[in-house]
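1. Whatever this is, show me its structure:
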Amino acid sequence: MSVAIIKRNSPNQSPRPEGFSIDVIVLHADAGTSDIGTISWIQRAESKVSYHYLVGRTGTVYQFVPDSEKAWHAGVSSFEGRKFCNNYSLGVSFANDQKGEAFTELQLSAGVELVAELCRTYEIPLNRITTHAVVSPGRKHDPGPLFPLENFLTRVAALL
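-> This is a model prediction of the structure:
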(Lines give C-alpha, C1' and ligand atoms only; values in the text may rest on other atoms or scores of the structure.)
Protein backbone atom coordinates (compact mmCIF):
# COMPACT_ATOMS: atom_id res chain seq x y z
CA MET A 1 0.00 0.00 0.00
CA SER A 2 1.14 3.52 -0.64
CA VAL A 3 -0.25 4.66 2.71
CA ALA A 4 2.06 4.07 5.67
CA ILE A 5 0.25 1.75 8.07
CA ILE A 6 1.07 1.07 11.71
CA LYS A 7 0.11 -2.48 12.64
CA ARG A 8 -1.64 -3.06 15.94
CA ASN A 9 -3.48 -6.20 16.95
CA SER A 10 -7.04 -6.53 18.17
CA PRO A 11 -8.32 -9.75 19.69
CA ASN A 12 -11.76 -8.82 18.37
CA GLN A 13 -11.65 -10.73 15.13
CA SER A 14 -12.52 -14.10 13.69
CA PRO A 15 -12.05 -15.99 10.44
CA ARG A 16 -14.19 -14.92 7.52
CA PRO A 17 -16.69 -17.66 6.74
CA GLU A 18 -15.74 -19.86 3.82
CA GLY A 19 -17.00 -18.59 0.49
CA PHE A 20 -17.03 -14.90 1.46
CA SER A 21 -14.81 -12.41 -0.33
CA ILE A 22 -14.26 -8.73 0.37
CA ASP A 23 -16.57 -6.61 -1.75
CA VAL A 24 -17.72 -3.71 0.46
CA ILE A 25 -16.01 -0.99 2.48
CA VAL A 26 -17.93 0.33 5.50
CA LEU A 27 -16.92 3.78 6.76
CA HIS A 28 -17.22 4.55 10.47
CA ALA A 29 -16.37 7.21 13.03
CA ASP A 30 -15.35 5.93 16.44
CA ALA A 31 -16.93 8.49 18.83
CA GLY A 32 -13.70 8.56 20.85
CA THR A 33 -12.12 11.69 22.22
CA SER A 34 -8.53 10.65 21.46
CA ASP A 35 -6.76 8.36 19.04
CA ILE A 36 -4.88 6.71 21.92
CA GLY A 37 -8.13 6.00 23.75
CA THR A 38 -9.68 4.43 20.67
CA ILE A 39 -6.60 2.30 20.00
CA SER A 40 -6.64 1.08 23.59
CA TRP A 41 -10.36 0.22 23.38
CA ILE A 42 -9.98 -1.71 20.12
CA GLN A 43 -7.13 -3.72 21.63
CA ARG A 44 -9.20 -4.78 24.67
CA ALA A 45 -11.09 -8.07 24.38
CA GLU A 46 -13.95 -6.80 26.52
CA SER A 47 -14.78 -4.09 23.96
CA LYS A 48 -15.78 -6.75 21.42
CA VAL A 49 -15.17 -4.07 18.75
CA SER A 50 -12.57 -3.73 16.03
CA TYR A 51 -12.00 -2.20 12.64
CA HIS A 52 -9.60 -3.28 9.97
CA TYR A 53 -8.29 0.30 9.88
CA LEU A 54 -8.45 3.47 11.95
CA VAL A 55 -7.50 6.80 10.38
CA GLY A 56 -6.29 9.08 13.15
CA ARG A 57 -6.80 12.82 13.39
CA THR A 58 -3.26 13.52 12.12
CA GLY A 59 -3.65 11.12 9.18
CA THR A 60 -1.88 8.19 10.82
CA VAL A 61 -3.40 4.90 9.67
CA TYR A 62 -3.53 1.91 12.01
CA GLN A 63 -4.46 -1.64 11.04
CA PHE A 64 -5.94 -3.86 13.78
CA VAL A 65 -7.23 -6.85 11.82
CA PRO A 66 -5.73 -8.36 8.66
CA ASP A 67 -7.96 -7.89 5.62
CA SER A 68 -8.25 -11.67 5.34
CA GLU A 69 -9.97 -11.86 8.74
CA LYS A 70 -13.35 -10.61 9.92
CA ALA A 71 -13.24 -7.46 12.07
CA TRP A 72 -16.15 -6.87 14.42
CA HIS A 73 -17.19 -3.43 13.16
CA ALA A 74 -20.71 -3.50 11.74
CA GLY A 75 -22.67 -5.69 14.14
CA VAL A 76 -26.28 -6.29 13.13
CA SER A 77 -26.12 -5.06 9.55
CA SER A 78 -27.01 -5.61 5.92
CA PHE A 79 -26.00 -4.14 2.59
CA GLU A 80 -28.21 -4.44 -0.48
CA GLY A 81 -30.16 -7.22 1.22
CA ARG A 82 -27.10 -9.24 2.34
CA LYS A 83 -26.93 -9.64 6.10
CA PHE A 84 -23.84 -9.77 8.34
CA CYS A 85 -21.64 -7.18 6.63
CA ASN A 86 -18.64 -8.17 8.74
CA ASN A 87 -18.42 -11.37 6.69
CA TYR A 88 -17.67 -9.60 3.40
CA SER A 89 -16.57 -6.05 4.23
CA LEU A 90 -13.61 -4.05 5.41
CA GLY A 91 -14.22 -1.61 8.27
CA VAL A 92 -12.46 1.76 7.98
CA SER A 93 -13.01 4.12 10.89
CA PHE A 94 -12.10 7.77 11.31
CA ALA A 95 -11.17 9.10 14.72
CA ASN A 96 -13.87 11.62 15.62
CA ASP A 97 -15.84 12.33 18.78
CA GLN A 98 -19.17 12.55 16.89
CA LYS A 99 -20.13 15.59 18.96
CA GLY A 100 -19.46 18.30 16.39
CA GLU A 101 -15.76 17.64 15.82
CA ALA A 102 -14.66 18.35 12.25
CA PHE A 103 -12.77 15.69 10.33
CA THR A 104 -9.25 16.93 9.61
CA GLU A 105 -7.87 17.35 6.12
CA LEU A 106 -4.93 15.14 7.10
CA GLN A 107 -7.21 12.26 8.02
CA LEU A 108 -9.50 12.73 5.04
CA SER A 109 -6.50 12.71 2.65
CA ALA A 110 -5.05 9.60 4.28
CA GLY A 111 -8.49 7.97 4.23
CA VAL A 112 -8.93 8.73 0.54
CA GLU A 113 -5.58 7.12 -0.26
CA LEU A 114 -6.32 4.09 1.92
CA VAL A 115 -9.80 3.49 0.51
CA ALA A 116 -8.60 3.97 -3.08
CA GLU A 117 -5.86 1.40 -2.50
CA LEU A 118 -8.35 -1.04 -0.96
CA CYS A 119 -10.70 -0.51 -3.91
CA ARG A 120 -7.88 -1.30 -6.34
CA THR A 121 -6.70 -4.33 -4.37
CA TYR A 122 -10.15 -5.92 -4.03
CA GLU A 123 -11.77 -4.47 -7.18
CA ILE A 124 -14.44 -2.69 -5.15
CA PRO A 125 -16.46 -0.12 -7.14
CA LEU A 126 -17.40 3.24 -5.63
CA ASN A 127 -21.03 2.21 -5.19
CA ARG A 128 -19.87 -0.44 -2.70
CA ILE A 129 -18.32 2.11 -0.34
CA THR A 130 -20.95 2.75 2.30
CA THR A 131 -21.39 3.93 5.88
CA HIS A 132 -22.25 2.32 9.19
CA ALA A 133 -25.44 4.41 9.17
CA VAL A 134 -26.51 2.80 5.89
CA VAL A 135 -25.77 -0.81 6.89
CA SER A 136 -27.23 -0.43 10.40
CA PRO A 137 -30.08 2.08 9.95
CA GLY A 138 -31.78 3.29 13.11
CA ARG A 139 -29.04 1.71 15.19
CA LYS A 140 -25.96 3.64 14.06
CA HIS A 141 -25.41 7.09 12.55
CA ASP A 142 -21.68 7.23 11.87
CA PRO A 143 -19.60 8.60 10.32
CA GLY A 144 -22.20 11.32 10.80
CA PRO A 145 -23.40 14.48 9.07
CA LEU A 146 -20.02 16.24 9.30
CA PHE A 147 -18.30 13.55 7.25
CA PRO A 148 -18.03 14.90 3.66
CA LEU A 149 -19.06 11.64 2.01
CA GLU A 150 -19.76 12.97 -1.49
CA ASN A 151 -16.45 14.86 -1.61
CA PHE A 152 -14.64 11.85 -0.13
CA LEU A 153 -16.00 9.53 -2.82
CA THR A 154 -15.14 12.06 -5.55
CA ARG A 155 -11.57 12.16 -4.27
CA VAL A 156 -11.38 8.35 -4.14
CA ALA A 157 -12.70 8.17 -7.72
CA ALA A 158 -9.98 10.59 -8.86
CA LEU A 159 -7.31 8.18 -7.60
CA LEU A 160 -8.83 5.11 -9.26
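
2. so residue 106 touches residue 61, yeah?
-> No - Residue 106 is beyond contact range of residue 61, at 10.8 Å (criterion: Cβ atoms under 8 Å). For the C-beta atoms, the positions are set from N, CA and C on the backbone; glycine is no exception.

3. higher neighbour count, the two?
-> residue 61 (19 against 14; other Cβ atoms under 10 Å).

4. Now for that one: which residues touch it?
-> By Cβ atoms under 8 Å, 6 or more residues apart in numbering, the contact list for residue 61 reads 3, 4, 5, 6, 53, 54, 55, 110, 114.

5. Just want the phi and psi numbers for it.
-> Dihedral pair for residue 61: phi -110, psi 130, per degrees, to the nearest 10.

6. Just list the residues touching the closest residue to residue 33 other than its chain neighbours, thanks.
-> Nearest non-adjacent residue to residue 33, counting by Cβ to Cβ, 6 or more residues apart in numbering: residue 97, 5.2 Å away. For residue 97, the contact set (Cβ under 8 Å, 6+ apart) comprises 31, 32, 33.

7. swap in residue 72?
-> Counting by Cβ under 8 Å, 6+ apart, residue 72 makes contact with 12, 13, 14, 48, 49, 50, 86.
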